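1. Okay, structure incoming, though there's no sequence with it:
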């Protein structure tokens, strides 16, 4: 076991932004705070001087990992409970100035197997957090982690926030519901609610045990193992990747910038990368591994959303946000993290 | 008590359309089949030679009314059960060729009071019908009654299907989820699923006991009572009204036209009418009544969606559908129906 504190987000860009000083001394609830994006958010909040409260169900196989908060356990109020538990959510919200609603299910394939569970967690659970915030912390600013897959099958690129919602499976539909609730709660109750539609986020602390939560975590694992990448078709499918530090900074800004209230904003790099290019970069960083091309499996083809590149003009205009970590740099940091802390994630 | 069979939809336009002959001898489930749009759908199906199965929870205050099927009771298989009841839904679906998924909650104000119930019925209930169709009647064609309020606050007019979803309360968000599920089930499972976003539908058999399900039912009641219309502001807010016969014909066409699969389509007249104009027409038809102008109440202003006029080019192109009943004619038929059958609706 390593005894040091593993690195959290590089705080340079956070500390340079005066708007983020609003977090000093504040109290912030992070649902899913033991998971990938949640724990990185908690680490950034902690570094900014906020008191973080974590609500996490530690559901098996969904990325919660106690090691993600290693080194800052004493500074964080961790509560093991489900977002569908109204009493636990209400108690966790007490006195909170900010809510980061990150907990949820994210597997497209699993949602096909059990769409009811997916709806219950992502629909009813997300609504439980929002309703509890309205009742018990009405002044709190709430930021929801939506997803680019709400757009579903892509009709035109780059994809702006006005792209129609054409989900290809249940998970994208119930995640879209979460976004719609945040729009509605601003309109109906005047709350500061925001939904960020995240593109593929990657970096330290993501789940790498299976590939059901997207390709990029699996790719990083393959790189660390020096294994073979299996790309569907010719690997020319395009994705838009954002390193987790940049994603976390967007989440934090969305809560403190008044103009964000009631908005939906894409978080993306705006720079397309093909699966082939990403795999090649990872092989290069790892110094080993291979790439193989295989035919598209039928079930994957059905729910393939098509190339994705985000139009990020709205978030640039509203939050003054743009990503600072290049793809090469982000992949490098990710591979090094898992090489070092592999025992906690495999 | 009247002993005759009250008139159902005028079948002339239905019988003239050869595509609707597909219903002869078919079996069709109508959820919410004792309610307004549902019962009119059942009557049209019956007149076309289909065997209709009704699933209706008869929830208090949501429009279910046994009188709506008066005269055709023996031809219809009516089952009193909730769409959230998986076993009842599965049993009702047995052998069905068509499913009209119409049951649901439709009150914006009530959804603000209990958003969880709203989600449970409109989200989980609608999903229960879809999942049961996939498992127990995989070849069935499923048509969902969505709503124009999924668009929420209107950004530009006329409103096409690509208008962003900006719901102003929970009901519009969970109704939008129903539409998204139907898009997703076509993509993921290859089912013939369609969502029609209905504008304000009016006509015989609508609930007229309260005004929580929209203004038009209440307006018709006021006309029959010769009462005073209270319009918010100057009454210049614009709505798009469709007479129920036309709405039912759109629902029936959406299930039999192959090109409709996986689509979302607006059902609207495309012809704007102001609340003032509608009220004046009703006063004229009733031969009595008055109009009064009152300030906009704050809670109504918050969730007011703005003027609405549907862009109906997609449904015209895809189904060859356009409305046949004029506003004047539809309001006239509505007032006459309630004048005659008032005792069953007040």
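-> Done, it's in. Only a predicted model underlies this, so the values are computations on that prediction, with no experimental measurement involved.
2. Lowest average confidence across helices and strands of chain A, where is it?
-> helix A:298-303 (a mean of 74; mean pLDDT, DSSP states H and E).
3. Tell me how far that one lies from the chain's centre.
-> 24 Å (C-alpha atoms, centre = their mean, to the nearest Å).
4. What is it packed up against?
-> helix A:108-113, helix B:170-189 (3 or more C-beta pairs under 8 Å, 6 or more residues apart in numbering or on different chains; DSSP states H and E). (Glycine included, C-beta is placed from N, CA and C.)
5. Tell me the predicted confidence for the residue nearest the centre of chain A.
-> Centroid-nearest residue in chain A: residue A:37, 4.7 Å away (criterion: C-alpha atoms, centre = their mean). Here, the pLDDT recorded for residue A:37 equals 98.
6. wouldn't it be in contact with residue A:145 here?
-> Yes. If you go by C-beta atoms under 8 Å, residue A:37 and residue A:145 touch, sitting 6.2 Å apart.
7. Overlap of the contact sets of these two?
-> A:102, A:198, A:251 (C-beta atoms under 8 Å, 6 or more residues apart in numbering or on different chains).
8. Any stretches of the stretch 201-346 of chain A with poor pLDDT?
-> A:303 (pLDDT under 70).
9. For the stretch 151-300 of chain A, list the residues in contact with chain B, please.
-> A:152-153, A:161-162, A:164-170, A:172-174, A:176-177, A:180-181, A:183-184, A:187-188, A:190 (C-beta under 8 Å from any C-beta of the partner chain).
10. What distance do you get for the closest residue to residue A:227 other than its chain neighbours to residue A:308?
-> Counting by C-beta to C-beta, 6 or more residues apart in numbering or on different chains, residue A:227 lies nearest to residue A:289, which is 6.1 Å off, once chain neighbours are set aside. From residue A:289 across to residue A:308, the span is 25 Å (C-beta to C-beta, to the nearest Å).
11. just residue A:133 next, same as before
-> For residue A:133, the distance to residue A:308 - C-beta to C-beta - is 31 Å.
12. Looking at these two, which is more packed in?
-> Neighbour totals were compared for residue A:133 and residue A:308, and residue A:133 leads with 27 against 20 (other C-beta atoms under 10 Å in any protein chain shown).
13. ok, that one touching residue A:192?
-> No. Contact criterion C-beta under 8 Å: residue A:133 and residue A:192 do not qualify, at 10.0 Å.
14. hey, what's in contact with both of these two?
-> By C-beta under 8 Å, 6+ apart, the residues touching both residue A:133 and residue A:192 are A:140, A:142.
15. looking at the helices and strands packed on helix A:298-303, which is buried most?
-> Among the helices and strands packed on helix A:298-303, ranked by average contacts under mean count of other C-beta atoms under 10 Å in any protein chain shown, first place goes to helix B:170-189 (a mean of 27).
16. any idea of the mean pLDDT for it?
-> On average, helix B:170-189 scores 98.
17. What is that helix packed up against?
-> helix A:170-189, helix A:298-303, helix B:108-113, helix B:115-119, helix B:126-136, strand B:141-147, strand B:193-198, strand B:264-267.
18. For residue B:346, find the nearest of those.
-> helix B:108-113 (20.8 Å; C-beta to C-beta).
19. what about that closest one and chain A, touching?
-> Yes. Contact of helix B:108-113 with chain A (C-beta under 8 Å from any C-beta) involves residue B:112.
20. Quick check: mean pLDDT of that helix?
-> On average, helix B:108-113 scores 91.
21. Also stretch A:7-23?
-> 96.
22. which of the residues in that stretch are buried?
-> A:8, A:9, A:13, A:14, A:17, A:20, A:22, A:23 (16 or more other C-beta atoms under 10 Å in any protein chain shown).
23. swap in stretch A:34-52?
-> In stretch A:34-52, counting by 16+ other C-beta under 10 Å, buried: A:34-48, A:50-52.
24. chain center to it, what's the gap?
-> 13 Å.
25. which residues in chain A form helices?
-> A:12-15, A:36-47, A:86-93, A:108-113, A:115-119, A:126-136, A:170-189, A:215-225, A:244-256, A:275-286, A:298-303, A:313-319, A:327-341 (DSSP state H).
26. So which residues lie in contact with the fifth one, not counting its own?
-> Going back to what we said before, that points to helix A:115-119. A:105, A:110, A:111, A:170, A:171, A:174, A:177, B:123, B:124, B:127, B:131.
27. Tabulate the residues you listed (CSV), appending distance to residue A:323.
-> Shown next, in CSV, are the contacts of helix A:115-119 (distance: C-beta to C-beta, whole Å):
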residue, distance to residue A:323
A:105, 26
A:110, 29
A:111, 28
A:170, 30
A:171, 25
A:174, 27
A:177, 27
B:123, 34
B:124, 38
B:127, 36
B:131, 39
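28. which one of those residues sits closest to residue B:321?
-> residue B:127 (27.3 Å).
29. what's around residue A:326, how many residues?
-> 12.
30. so how far is residue A:275 from it?
-> 18 Å.
31. about what we covered before: just put the shared contacts of residue A:37 and residue A:145 in CSV and tack on neighbour count and distance to residue A:281.
-> Listed next are those as CSV, based on neighbours: other C-beta atoms under 10 Å in any protein chain shown; distance: C-beta to C-beta, whole Å:
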residue, neighbour count, distance to residue A:281
A:102, 27, 27
A:198, 22, 21
A:251, 26, 26
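32. Out of those residues, which comes closest to residue B:285?
-> Checking the shared contacts of residue A:37 and residue A:145 one by one against residue B:285 (C-beta to C-beta), the nearest turns out to be residue A:198, at 53.9 Å.
33. The closest one: what's it in contact with?
-> A:37, A:145, A:146, A:147, A:148, A:242, A:247, A:267.
34. most surrounded residue in those?
-> In those, the most neighbours by other C-beta under 10 Å go to residue A:145, 29 neighbours.
35. what residues are up against residue A:335?
-> So residue A:335 contacts A:220, A:223, A:224, A:282, A:285, A:286 (C-beta under 8 Å, 6+ apart).
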